[in-house]
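Q: The following comprises the amino acid sequence and a computationally predicted model.
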Amino acid sequence: MQTKGFRGKDFITLRDFTREEIDSLLEVGFDLKKRYALKERHSHILPDKTLYMIFYNQSLRTRNSFEAGMTQLGGHAHFLSSDKIYTPAVEGEEKAYSTERVSDVARTLERFGDAIAIRMYGPPTGWVYGKANSYMNEFARWTNIPIINMECDKYHPCQALSDLLTIKEKLGTFKKKKFVMSWAYSPSYEKPLSVPQSAIIAASKMGMDVVQAQPKGFELDEEILDACSKYAEDAGGSFEVSYDMDEAFEDAHVVYPKCWGSKSEFENVAEGDDSGMVKLFEQNKDWKCDADKLALARENALYMHCLPADRGWEVTDDVIDGPQSVVFDEAENRLHAQKAVMSLVM
Ligand code: CP
């Protein structure tokens, strides 16, 4: 188990962690899950520590699992609503009275607490792809305390770690297991690429046989796809891109159908024109996970979703509420996965 080197490290993407380190995070997560189930107190792990949580977007799971997790570890999670603090800005973006330079926010919070967690994507950055991620990195550049990514426009590593915990506990192993990350339709395009990109990074790093499926126009970041091919090759798995949901689902052990916006169309949305995005969405309404679709996968294949799910569009009720759905285990594992991250980096 590799635990050396975690303390003080930022948790912005699983790309910064080796397979061995991810295995350690999973092991610590399982241990903390067991202790929680047995009601064994573990508040000695982070006593008197403070985690600052800055949210620019809504959240149910992320906020509550971090807050509960810090309480259970003996520390305090401090919620900072974006409308109650000055908007962090990078050099050149400052407006008098309403903004504060990221370097100043980061260096100030560092004096009071022990880690800063940030959620930022979409509207606060005008949907300019990569901008939210660059803010995360800017925070990290200016503090010596860990920055934890609670979801940016490129990555959602906490969700991906929880997904891995769920797969490991349900299937026992990652080896020779087919993992399908698929686009699914929703009436709202305001969804970043963070969940699918982090899911394929995680699955390919663990050596799964990964298939990334989407209609034309919804391709993920090419640089991340190339990295996933390399991760899969190094870990003894495989990585493929598909444009056919049915074909992708065949023989799958895990399916993860989920909506995200078109990366190329976000460039037009950022310029104020969402007509291309809307058209692309309306052309692909048949990308839905219903019982017939799920039946194409292996018997007892896992149905996963990070939640919130757009019921009736991305997925039918009988699937998400059915026996193959693991969505609430996945949500619960957010707690244990993030406690593992906080315990090791803080
Ligand atoms: N999956 C997830 O991040 O959920 P929230 O948006 O509710 O935090």
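A: Sure thing, it's come through.

Q: Residue 71 contacts residue 77, correct?
A: Yes. Contact criterion C-beta atoms under 8 Å: residue 71 and residue 77 qualify, at 7.4 Å. All C-beta atoms are positioned from the backbone trio N, CA, C, and that covers glycine.

Q: quick one: which of the two has more around it?
A: residue 77 (23 against 13; other C-beta atoms under 10 Å).

Q: thought residue 45 was touching residue 340?
A: No. Using C-beta under 8 Å, residue 45 is not in contact with residue 340, being 10.3 Å away.

Q: Between these two, which is the more surrounded one?
A: residue 340 (25 against 19).

Q: Next, the contact list for the more buried one, please.
A: Applying C-beta atoms under 8 Å, 6 or more residues apart in numbering to residue 340 gives the contacts 25-26, 28-29, 32, 161.

Q: distance of residue 247 from residue 217?
A: 18 Å (C-beta to C-beta, to the nearest Å).

Q: Settle it for me: which of the two has more neighbours?
A: Legend: neighbour count by other C-beta under 10 Å for residue 247 and residue 217, higher for residue 217 (17 against 13).

Q: which one in the protein is furthest away from the centre?
A: residue 96 (33.7 Å; C-alpha atoms, centre = their mean).

Q: what's the distance between that residue and the ligand?
A: 33 Å (C-beta to the nearest ligand atom, to the nearest Å).

Q: Can you tell me the SS state at that residue?
A: coil (DSSP: H, G, I helix; E, B strand; the rest coil).

Q: that older thread, I'd like to know which of the contacts of residue 340 is nearest to residue 117.
A: residue 161 (13.8 Å; C-beta to C-beta).

Q: pretty sure the closest one belongs to a helix, no?
A: Yes. Under three-state DSSP, residue 161 sits within a helix.

Q: pretty sure it contacts residue 202?
A: Yes. Counting by C-beta under 8 Å, residue 161 does reach residue 202; the two are 7.0 Å apart.

Q: ok, the closest residue in space to residue 229 that isn't next to it in sequence - contacts?
A: Once flanking residues are discounted, residue 229 sits nearest to residue 239: 4.6 Å by C-beta to C-beta, 6 or more residues apart in numbering. For residue 239, the contacting residues are 200, 204, 210, 212, 225, 228-229, 231-233, by C-beta under 8 Å, 6+ apart.

Q: Give me the pLDDT for residue 239.
A: Looking at residue 239, its pLDDT stands at 98.

Q: Helix, strand, or coil at it?
A: Applying three-state DSSP: residue 239 is strand.

Q: Give me the distance between it and residue 181.
A: According to C-beta to C-beta, residue 239 stands 11 Å off from residue 181.

Q: same thing with residue 218?
A: Distance check for residue 218 against residue 181: by C-beta to C-beta, it reads 11 Å.

Q: which of the two has more neighbours?
A: A count of neighbours by other C-beta under 10 Å puts residue 181 above the other of residue 218 and residue 181, at 27 against 23.

Q: ok so that one is a strand residue?
A: Yes. Residue state for residue 181 (three-state DSSP) corresponds to a strand.

Q: Contact partners for the closest residue to the ligand within the stretch 151-300 of the chain?
A: The stretch 151-300 of the chain approaches the ligand most closely through residue 159 (5.3 Å), counting by C-beta to the nearest ligand atom. Residue 159 is in contact with 151, 194-195, 198-199, 306, 334, counting by C-beta under 8 Å, 6+ apart.

Q: same deal with residue 165?
A: Applying C-beta under 8 Å, 6+ apart, the residues near residue 165 are 26, 29-30, 33, 333, 336-337.

Q: Show me the common contact partners of residue 239 and residue 181, please.
A: Joint contacts of residue 239 and residue 181 (C-beta under 8 Å, 6+ apart) are 200, 210, 212.

Q: Please identify which of those residues is nearest to residue 117.
A: So of these, ranked by how close each gets to residue 117 (C-beta to C-beta), first place is residue 200, at 23.1 Å.
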